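[1] generate a structure from the sequence data that follows.
(2 chains)
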Amino acid sequence: MTWVNAVVQGLLLGGVYALFACGLSLVFGVLRIVNLAHGDLTVLAAFLALVATSTLGLNPVLALVVVVPVMAALGFALQRLLLHRSLRAGELAPLLVTFGLSIVLQNALLQTFSADTRSLPAGDFGTAGLELGGGIAVGWLGLSTLVVAVAVLAGLQLVLARTPIGRAMRATSDDPETAALMGLDDRRVYAVATAIALATVALAGVFYGMRGTFTPTLGPQLLIFAFEAVIIGGLGSLWGTLLGGLVLGVAQTVGAQIQPTYGVLAGHLVFLVVLAARPSGLLRREEVR
Amino acid sequence: MLLSVRGLSRSFGGLTVVDDVSLQVEEGTAVGVVGPNGAGKTTLLNLLDGVLTADAGRIELDGRDVTRAPAAQRCRAGVGRTYQTPRPFSGMTVFENVLVGAVHGAGLRKGAAQRRALDCLGRTGLLPRANELAGDLRLLDRKRLELARALACGPRLLLLDEIAGGLTDAELPELIAIVREVRDGGTAVVWIEHIVHALLEVADRMLCLAQGAVLAEGDPAGVLADAKVREVYLGSSVEGLGGVAAVPAAGDGLPTGDGS
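    Numbers count the residues shown, from 1 in each chain, chains lettered A, B, ... in the order given. Predicted coordinates:
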């Protein structure tokens, strides 16, 4: 039963990873940018939620009403003012720019919030859960994180497949020059994609902040988990990202069940095995392209 | 005058690819553009649709200066374009490809955009392929898709880059008929083509480029009979056009670009 529990908890943890990885997957799929500041932006969202809860007295879930639009606006501006210029300077430039942004964000957060460990006060929502019998309990927070992750990824998939802006993103991602000849302004399309990505980053940051603790320098670690989820699932595929997150979560909890210190290591090992055996990921990338 | 181009030039490094080109195209007329490979024909189209920006000169669309306007803006202002080598959005269906043009190029909404897309697919004979992935199409259908997509944007000026190239003689008449219909519908057409007899079926006027500059312009038969034009083609012996030496001024029995 403990193994079943490990898998169940792994799936819940995987929901967090899938949510983390969603924005990374989208930005890569549409803009072809590997956003090295992704983890730091997630931490930034968690700190924004912290400010919203402490100054406005909001519950962290309600703080999403503030944090999601703020992060989306930040994404739009980031793409327009920074990333778009770097895109024109070759493939290396966006990597360097986002790497620099990562450092700037970490230090700005350290300067503003100190290195203290924080968490978002989730109250009963963070501790209560559902008893499934046989010693298996499912936390409300974990369950809702997984549900949100599935909803966000499925929703994004739907947007990409069925809506004008989704088709605009796929067309621009496929061939920006031809897309421009069809009346699509790549600056705007990319900015909307980045705004959506950072809205999901806001969700990830807030749910992570309620679940565990965070510090200004946590970003790179989150980035690695997000990367692993994206690569396991397959670059550019949103369903793959969901699957990758779940696989990573289960690998970590099952690994920790074998030996408590093996959790993260087991996740990395599964990632390496997938990379070696199926470099294009478990699901091929056809959804985004 | 729908399109008015004056003194257009563009260089790459030290090489002037388009050199002081002027061109006027009226609504509902077609201008054929011929010239040897490397004459700057495709670059001229790239300057007209905004993929490239001119170093000098002026492009007016319906009296409005669009010389510096980006490609997306020119599309919405009424410039449509097809590529010599079709570039469909290969991960999308044929219908979605055309729908992108109808929604973002022509600014149509839901139902109207879908009707426009279906109409353009119907005009180009692509309806049976509407739900296939564009990447799976064979060449003729890819060419049709290029045209359907450009038409979905509702162009007032349609730029065609060797849309007949690579097609068999049996496939040509249908394509020619579509282009003629578009022109007769009031759209201005600028058509680059090596298959001269296809061009002659539609072109009201002809422009011959050589080394980026206008070598001859005017009545199609007259341009083809021009000694300088014939010399340029003979001298370069491009793509089976050696037969141009035998071009009759009347314009029938002309050689085809595929050497047949």
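[2] residues touching the residue in the stretch 151-260 of chain B positioned nearest to chain A, list them.
    Of all residues in the stretch 151-260 of chain B, B:C153 sits closest to chain A, at 6.1 Å by Cβ to the nearest Cβ. In short, each C-beta sits where N, CA and C put it, glycine included. For B:C153, the contact set (Cβ atoms under 8 Å, 6 or more residues apart in numbering or on different chains) comprises A:M182, A:G183, B:C75, B:G80, B:G101, B:A102, B:G105, B:A106.
[3] and those, which is closest to A:L269?
    Using Cβ to Cβ, A:M182 comes nearest to A:L269 of the contacts of B:C153, at 45.2 Å.
[4] helix, strand, or coil at the most centrally placed residue in chain B?
    By Cα atoms, centre = their mean, chain B has its centre lying nearest to B:L160, at 1.3 Å. Put simply, B:L160 is strand when judged by DSSP: H, G, I helix; E, B strand; the rest coil.
[5] check the one 10 residues further on too.
    Three-state assignment for B:A170 (three-state DSSP): coil.
[6] please give me every residue in contact with it.
    Contacts of B:A170 by Cβ under 8 Å, 6+ apart: none found.
[7] quick one: the helices in the chain?
    No chain specified, so I'll use chain A. Here chain A has its helices, by DSSP state H, at A:2-31, A:38-56, A:60-78, A:84-87, A:92-113, A:124-127, A:140-162, A:164-174, A:176-181, A:186-211, A:219-233, A:238-258, A:263-277.
[8] look at chain B instead
    B:41-49, B:71-76, B:94-100, B:110-123, B:139-152, B:172-184, B:196-200, B:220-225, B:227-236.
[9] for the second one, packing partners?
    In terms of contacts (3 or more Cβ pairs under 8 Å, 6 or more residues apart in numbering or on different chains; DSSP states H and E), helix B:71-76 is packed against helix A:176-181, helix B:41-49.
[10] report whether the first one contacts chain B.
    Yes. For helix A:176-181, a contact with chain B is found by Cβ under 8 Å from any Cβ of the partner chain, at A:E177, A:T178, A:A179, A:A180, A:L181.
[11] quick one: buried ones out of those residues?
    Neighbour counting with 16 or more other Cβ atoms under 10 Å in any protein chain shown marks A:T178, A:A179, A:A180, A:L181 as buried within the residues of helix A:176-181 next to chain B.
[12] wait, which of the residues you listed is closest to chain B?
    Distances from chain B to those, taken as Cβ to the nearest Cβ, are shortest for A:A180 (3.8 Å).
[13] poorly predicted segments of the chain, please.
    Went with chain A since none was named. Scanning chain A for pLDDT under 70 picks out A:284-289.
[14] try again with chain B
    B:234-260.
[15] who in it is up against chain A?
    When proximity is defined as Cβ under 8 Å from any Cβ, chain B approaches chain A at B:49-51, B:70-73, B:75-76, B:80-81, B:83, B:87, B:89-92, B:96-97, B:99-101, B:103-107, B:113, B:149-150, B:153.
[16] please indicate which of these are buried?
    Using 16+ other Cβ under 10 Å, the buried ones in the residues of chain B next to chain A are B:49-51, B:71-72, B:75-76, B:80-81, B:83, B:87, B:89-92, B:96-97, B:99-101, B:103-106, B:113, B:149-150, B:153.
[17] ok, the nearest residue to B:C75 once chain neighbours are set aside - contacts?
    Nearest non-adjacent residue to B:C75, counting by Cβ to Cβ, 6 or more residues apart in numbering or on different chains: A:G183, 4.0 Å away. Residues near A:G183 by Cβ under 8 Å, 6+ apart: B:A72, B:C75, B:R76, B:G101, B:H104, B:G105, B:A106, B:G107, B:C153.
[18] next one: phi and psi at A:G183?
    Main-chain dihedrals, A:G183, degrees, to the nearest 10: phi 90, psi 10.
[19] now it: how far from B:L160?
    Using Cβ to Cβ, to the nearest Å, one gets 18 Å for the distance from A:G183 to B:L160.
[20] do the same with B:D169
    To B:L160, B:D169 is 18 Å away according to Cβ to Cβ.
[21] please apply the same query to A:M71.
    According to Cβ to Cβ, A:M71 stands 45 Å off from B:L160.
[22] and if you look at A:A179?
    Distance, A:A179 to B:L160, by Cβ to Cβ: 19 Å.
[23] so of the helices of chain B, which one's packed in deepest?
    helix B:94-100 (a mean of 27; mean count of other Cβ atoms under 10 Å in any protein chain shown).
[24] helices or strands up against it?
    For helix B:94-100, the packing partners by 3+ Cβ pairs under 8 Å, 6+ apart come out as helix A:164-174, helix B:110-123, helix B:139-152.
[25] the shortest one vs helix A:186-211, what angle?
    The directions of helix A:164-174 and helix A:186-211 differ by 110 degrees, with axes from the mean of the first three to the mean of the last three Cα atoms, to 10 degrees as the criterion.
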